[in-house]
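# Got a predicted structure here, sequence first:
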Amino acid sequence: MTQPVNRYCLIMLLLLIWGPGCQKDEETTRSTITVSIQHKVNQAPLALANTSYTNALGQPFTVTAFKYYLSNFTFTRADGSRVRINGQYYFVDEAVPESKKLTIANVPFGDYTGMSFTIGVDSIRNVSGAQTGALDPLSGMFWSWNSGYIMAKFEGTSKVSTAADTSLVFHVGGFKGEYNSLQTVALNTGSFKVPDNTHIALTADVATWFNTPNPISFITINKVHTPGIDGYKFSQNYSNMFTSVAVSE
């Protein structure tokens, strides 16, 4: 009777020795993915300052600044499970071309079919005060008076704006309550494999800020500076601005 028991004990001992080692190898087998973003307005590339575009209501506008935060990247495996990449925040600014190329570190090897991310800065970082790196308040994306981050910023002009200088200033923020402007974007990228496929190309369409589900008239709304219903409407709209274009090596 003692032999089967000893054999069982030996098997369990080997599992205890090998198991953690195998798990550790799997956890540390990771790679880096690059996500590149091209900004457009409808079908045209975004050009700052001097190019005129038209919103869904036929109102003209120009863009002088276009900035936002991305965070909480999550990759969907082929088996449906998800891998969330924590602690990586990205500040994207049309005026800074290199900011439109994001480096996502520590993505486990495997087969994937999609990705998701948050437009904005999550509540944990919002209540931690101004920080460094991508979250440095010097980027002009922090409300010191309100102790919170601006999730996304659009500035421009429109001849139909009722502002004295015909300006358009939309600073969208707020992370709590009924007007929480944090938005999650889920994209079906098609099948890709890490580490074989390490580049994901996206487009972001500025025109979506003013289209659906909340058509924006520059005659009635030309400024947003505080959390509230108008900012929330913008966040609902721009949650639709991203499209997956291609995955490559």
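Okay, I see it. Numbers count the residues shown, from 1 in each chain.
# center of the protein, which residue is that?
residue 70 (3.0 Å; Cα atoms, centre = their mean).
# hang on, isn't it packed against residue 119?
Yes: in this structure residue 70 lies within contact range of residue 119 using Cβ atoms under 8 Å: 6.4 Å. For glycine as for every other residue, the C-beta is placed from the backbone atoms N, C-alpha and C.
# Point out where this protein drops to low pLDDT.
By pLDDT under 70, the weakly predicted segments of the chain are 1-28, 129-130, 145-147.
# hmm, who's touching stretch 235-242?
68, 119-120, 151-152, 172, 181-185, 187, 202-206, 208-214, 216 (Cβ atoms under 8 Å, 6 or more residues apart in numbering).
# In strands, which of these appear?
Under the assignment DSSP state E, those contribute 68, 119, 151-152, 172, 183-185, 187, 202-205 to strands.
# so residue 199 makes contact with residue 192?
No: judged on Cβ under 8 Å, residue 199 makes no contact with residue 192 at a distance of 9.4 Å.
# if I look at those two, which residues touch both of them?
Listed as contacting both residue 199 and residue 192 by Cβ under 8 Å, 6+ apart are residue 247.
# Return the residues in contact with the residue nearest to the centre of the chain.
Contacts of residue 70 (Cβ under 8 Å, 6+ apart): 89-90, 92, 102, 117-119.
# Specify the local secondary structure of it.
Judged by DSSP: H, G, I helix; E, B strand; the rest coil, the three-state class of residue 70 is strand.
# what are the bridge partners for it, then?
With DSSP bridges as the criterion, residue 70 is bridged to residue 90, residue 119.
# and the gap between it and residue 161?
28 Å (Cβ to Cβ, to the nearest Å).
# and if you look at residue 62?
11 Å.
# and if you look at residue 35?
Distance from residue 35 to residue 161, by Cβ to Cβ: 33 Å.
# Have a look at residue 199 and residue 192 and say which one is more surrounded.
Shown here are residue 199 and residue 192; by other Cβ atoms under 10 Å, residue 192 has more neighbours (23 against 14).
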